[in-house]
Every structure is written in C-alpha cells, then in structure tokens.
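*Asks:* one predicted model, sequence on top.
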Amino acid sequence: MAGTTTQFVKRIRDIMRNDPGINGDAQRIEQLSWILFLKVYDDREQIWEIDQDDYESIIPEGMHWREWAEDNKDGKALTSDELLDFVNNKLLPTLKNITVTNETPISKAIVKDAFIDANNYMKNGVLLRQVVNVVNEVDFTDPKDRHLFGDIYESILKELQSAGSSGEFYTPRALTDFIAETLKPKLGQRIADLACGTGGFLVSALNILSKQVHSVEDRELYNKAVFGIEKKGQPYILAVTNLLLHDVDNPDIVHGNSLEKRVTEYTDKDKFDLIMMNPPFGGSELPIIKQNFPTDLQSSETADLFLTLIMYRIKDNGKVGVILPDGFLFGNDGAKLNIKKRMLKDFNLHTIIRLPGSIFSPYTSIATNILFFDKPGPTKETWFYCLDMPKGYKHFSKTRPMKLEHFDPVREWWNDRHEIQDEDGNYKSKAYTPEELAKNNYNFDLCGFPTETEEVLPPFELMDKYQKERKELNAKIDKQLSIIKQLLEEDN
C-alpha cells in the first residue's frame, strides 16, 4: 500500500473538497463509508471464494467492486458522467434492493443493510474515480496492508468527533480499551454494545480475544463473540466494516433501535455475559418507546432508558461497563431515583470512575463517568474514584486525545482500593454503602469535580424544566420576603 495513514486520509480529503456535492466533513465521511465497505467486502469475498468451494455472492453480477472499480489504465475504467450514472442509477439502487430472507447468512444480509441509507453525494465523476483509485491501492487480503489500514480507519473514525453530530458515534479508543481490559472478555462469552456506533467497544474486546485464538474451534468462538445494534445508517456501515477488518466473517451487527422492544419480553437467550457501551446522551425517544419500560423506570433521558435495558439484558454473573453523564449521578427525578434503587438492590454497583472533562470535546462538554456493575447483587459498597486530568493537560483535544496510559492511576488503585483525600480534605476516592447513598437521596455526585454540569434535554422539556424551576424559585423568594415583612411589622 502506497503512503502512510496521514497521506491516505489527506489525499481523500483533498479530492473530495474539490467536489461541489460534498458539503463538509460529515458528508465526506458518509460518502467514504460505503466506498470502503464495498472494497473491504470484496476483498473478504475473495478469501471466502478460496476457502469455500460452493461460495455464492449475494452481490449481483457487474456490481462487485472488482468488476467496476479497478482501473487497469487501459482507458476502459468507468469515469466522469458514465461512472456517476452507474453509481447513481445502477449500483446503489441494486444493492439497496437485494433480496434477503430469514435464511440469509449475516455475512450476506449486511450488504443490503449497509446500503439502505447510503447516498452518493459526489457530483464530479472524475473526482469520484480518483477517490476510488486511492482506495483501490489497499489490498485487504494482504496482512500488512490490512494492519496499516486499521490505523487509517481509526483516524477516519476520530474525524467523526469534529464532523458535527456524527461525533456521538465515536468513543475515544482509550476509553473503550480501558473498559474492555477491566471486564476481561474471554472466548466463549457473548459481548454486546446495544448502541454500538462505529463498533469501538466491540473492536477493543476483539483485540483482547484475538490473543486467545489457538485453534479452529477458537476461531469459531471469536467469530461469534460480539453483538451490536446501531440505529443510524452511517455508523452502522462503519461498524460492520470495522468488524470485517478484524476478521469477523459474520458481523452480528443489527441496523435498528435497541429500545423498540418491551424489556420484559427478553429471555435468557437474549442476554449477554458482558455489556460495554456509551449510550447516547440527551436525545429523546417517541412516547411509544417509553412504553417498552416499566412505568416506574420510564424516562425522558435516552441514557436512562439504555441503563434500564442493560439491566434486563445482562446474564446472571454478567459484567457491565457503561459511560454515563453526570446528570444521571445527581439526578433524583422519579425514573433516575428508581433506576438507582433497583441497581443497588439487584446488582453489585461496585465502582464509579469520575472522568476528567473534555474527553468528548468538541462534540460535548458534558462531564462523564464509568459505572462498573455485575449481577447478581445486592450492592455492599460502591467505590468512587475521581480521575484527574493528566499532568501537562488543560483539556483533551483532537491533537491531544486521552491515552490509555492516562488510566494508570486507576489501574494502580483498582486492586488496592483505599480512601484518598486531597490537600483540602476533599475525597478523591471513597466507598459508600447503599444505606449512605440512600441517606444522600441517591445522589451519586460524590468524589467528583467542582464543575457545573450541562444537562441535555429536548427543547420543549428544557423550557418546561426552566419554567418549573423559576416557579419554585419565585415561591421561595416570596416566602422569604413574607418572613422579612412579618419581622419588620413586629419590630414596629
């Protein structure tokens, strides 16, 4: 493969910036998503064709990457208006309308799923040909190229953080790796992310599992180890491609919404040994979605609903690592309060790691935490640990992201838990019993940072919240004024 990670990304970016149809980084990455998927899938198919004598592709004749994308420099490669016509009027419509049945293997069904929401934004066929040629330089059947492209792919995913709202689908690798190494996945376990975005948590788990593969049987367990669900089309394609790049032949990634099924309908076969995820913050679901949850656990906050979902989809003796905003920790509305009570009663909420700010910058400045819990419960004590910003850092950024070694203080403390106080007497680490948490009105905002936290709510709910708070504040002011007035009258 020619060039380096930086050069590859720069070449693609420079070409697409000249196309009048590409409006910003988000569209550029969406365009590149389906192009990369088709190239990666075609290279995987070449391997499957060698390994399986009777292999039949689900992609119709003439639509395979190798049949239209390769340029042999003989003047016969599609380009300009001819290429645009083929992509817009033949390739994309054909792949969107592939016939899939319940018997279709995941490895084939993902092709249709990947293209349901795919679009070609490029309007210049010559520039599109240039992009295709750059991608064509990568041979995914070559281990060296595939390893280098893993780095390229990670850099593309990082760009999602600065590509508008798409940033919500990318969790920094340091976070996914730390949670995965803490939960210690093993071959034979089923590992899930119920809002998997681009598949970062699943890949972190696979990187650990790959070192445990020593036989054909191990390879089969590896191929079936991870499961993900993603609601939106672009990150879904990226997640599937990510798993293909990590030698998962049948990526068990569902294009759908995890919250659309009643949680009480899940049976043991729907549960997992490990769940690790970073559910969407803020966001609002349709009222009908809330009805899929018990009345006392229905919330307007998407992250709350996902936490409840996790509690219904984790096996007995299963383990969870989930990232949640500060709003969950100190919130005490009905649903949050009931979720916390149930978690302490039915699960072992053993650790909450308070994370330093700006980890998800520039997508959001919301302060976040990692909750680690397992089943069965109940909780005996919950340790809080406040992870400081690394020395020399004022904040994290695209050029200075969080690194795995920044978790070293937590790693050292994890197996030697003890209280830690700073010079002002504030706790950096401390354990609390469920009874102590209950006396604190289930406010988990403990051993934390003295920062104001932003709570994300839909606009109308935010207006209602502020109006309610204003009424409460006005009532308090009126009460105090009345007391003062009464005191003044008594003095006279």
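*Replies:* On my side now, so go ahead.

*Asks:* spatially nearest residue to V263, not counting backbone neighbours?
*Replies:* Y312 (4.1 Å; C-beta to C-beta, 6 or more residues apart in numbering). Using the backbone N, CA and C atoms, a C-beta is placed for each residue, glycine as well.

*Asks:* the one you found should be in a helix, yeah?
*Replies:* Yes: the assignment for Y312 by DSSP: H, G, I helix; E, B strand; the rest coil puts it in a helix.

*Asks:* count residues in the vicinity of it, would you?
*Replies:* By other C-beta atoms under 10 Å, 17 other residues sit near Y312.

*Asks:* from here on, call the first residue 18.
*Replies:* Right, with 18 as the first residue, what we last looked at is Y329.

*Asks:* distance check, it against P297.
*Replies:* For Y329, the distance to P297 under the criterion C-beta to C-beta, to the nearest Å works out to 18 Å.

*Asks:* what do you get for I370?
*Replies:* 20 Å.

*Asks:* more neighbours, these two?
*Replies:* Comparing I370 with P297 by other C-beta under 10 Å, the one with more neighbours is I370, at 25 against 18.

*Asks:* what residues are bridge-paired with the more buried one?
*Replies:* Bridge pairing for I370 (DSSP bridges) gives the partners I387, Y402.

*Asks:* pretty sure it is touching V427, no?
*Replies:* Yes: between I370 and V427 a contact is recorded at 6.1 Å, counting by C-beta atoms under 8 Å.

*Asks:* give the residues shared as contacts by those two.
*Replies:* Among the neighbours of I370, those also in contact with V427 (C-beta atoms under 8 Å, 6 or more residues apart in numbering) are Y402, L404.

*Asks:* count of residues packed around N267?
*Replies:* 15.

*Asks:* host element of it?
*Replies:* Taking DSSP states H and E as the criterion, N267 maps to no regular element, lying outside all helices and strands.

*Asks:* just for this protein, where's the confidence low?
*Replies:* The chain contains residues with pLDDT under 70 at 18-23, 163-167, 174-186, 300, 378-381, 467-482, 507-509.

*Asks:* again, only this time at 50
*Replies:* Confidence mapping of the chain against pLDDT under 50 gives the ranges 18-19, 181-184, 468-472.

*Asks:* buried stuff in stretch 75-89?
*Replies:* Buried residues in stretch 75-89, defined by neighbour count with 16 or more other C-beta atoms under 10 Å: I75, I76, M80, H81, W82, W85, A86.

*Asks:* that should have said stretch 389-396, apologies.
*Replies:* Going by neighbour count (16+ other C-beta under 10 Å), the buried part of stretch 389-396 is F389, F390, D391, K392, G394, T396.

*Asks:* show me these that map onto strands.
*Replies:* F389, F390, D391 (DSSP state E).

*Asks:* just checking, the second one touches H367?
*Replies:* Right, F390. Yes: applying C-beta under 8 Å, one finds F390 in contact with H367, separated by 6.4 Å.

*Asks:* what do the two both touch?
*Replies:* Between them, F390 and H367 share the neighbouring residues T396, with contact defined by C-beta under 8 Å, 6+ apart.

*Asks:* follow-up on the earlier one: could the buried residues of stretch 75-89 go into a markdown table alongside distance to F413 and secondary structure?
*Replies:* What follows is the buried residues of stretch 75-89, written out as a markdown table (distance: C-beta to C-beta, whole Å; DSSP: H, G, I helix; E, B strand; the rest coil):
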| residue | distance to F413 | secondary structure |
| --- | --- | --- |
| I75 | 42 | coil |
| I76 | 41 | coil |
| M80 | 42 | coil |
| H81 | 42 | coil |
| W82 | 37 | helix |
| W85 | 42 | helix |
| A86 | 38 | coil |
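
*Asks:* what is the neighbour count of L260?
*Replies:* The criterion is other C-beta under 10 Å. On that basis, L260 has 24 neighbouring residues.

*Asks:* now the one 3 residues further on
*Replies:* Residues contacting H263 under the criterion other C-beta under 10 Å number 21.

*Asks:* secondary structure class of the residue lying closest to it once chain neighbours are set aside, three-state.
*Replies:* With C-beta to C-beta, 6+ apart as the measure, L223 is the residue that lies nearest to H263, at 4.9 Å, once sequence neighbours are left out. Using three-state DSSP, the three-state assignment for L223 comes out as helix.

*Asks:* and the nearest residue to Q44 once chain neighbours are set aside, what does it touch?
*Replies:* On the basis of C-beta to C-beta, 6+ apart, the spatially nearest residue to Q44 that is not a chain neighbour turns out to be Y138, at 5.0 Å. Residues in contact with Y138, defined by C-beta under 8 Å, 6+ apart, are D36, G38, I39, N40, Q44, E47, Q48.

*Asks:* between those, which is closest to L291?
*Replies:* Within the contacts of Y138, distances to L291 taken as C-beta to C-beta reach their minimum at E47, with 30.4 Å.

*Asks:* tell me which element the closest one is part of?
*Replies:* Here E47 sits within helix 42-68, counting by DSSP H and E.

*Asks:* show me what that helix is packed up against.
*Replies:* Packed against helix 42-68 by the contact rule (3 or more C-beta pairs under 8 Å, 6 or more residues apart in numbering; DSSP states H and E) you find helix 22-34, helix 82-85, helix 123-132, helix 142-153, helix 160-175, helix 250-262.

*Asks:* just these: most buried one?
*Replies:* Burial among these, expressed as mean neighbours by mean count of other C-beta atoms under 10 Å, is greatest for helix 250-262, which shows a mean of 26.

*Asks:* correct me if wrong: the residue nearest to V280 contacts Y283.
*Replies:* Yes: with contact taken as C-beta under 8 Å, Y329 and Y283 are classed as touching, separated by 5.2 Å.

*Asks:* distance of M80 relative to F103?
*Replies:* As defined by C-beta to C-beta, M80 lies at a distance of 9 Å from F103.

*Asks:* what's the answer for I306, then?
*Replies:* Counting by C-beta to C-beta, the gap between I306 and F103 amounts to 40 Å.

*Asks:* mind giving me the domain split of the protein?
*Replies:* Each domain of the chain is listed here as a residue range: 22-157, 175-456, 476-509, per automatic domain parsing.

*Asks:* what's the closest of these to L463?
*Replies:* domain 175-456 (4.8 Å).

*Asks:* this structure: strands as residue ranges?
*Replies:* If DSSP E is used as the criterion, the strands of the chain fall at 208-210, 243-247, 270-272, 289-294, 331-342, 365-371, 385-391, 399-403, 437-438, 444-449.
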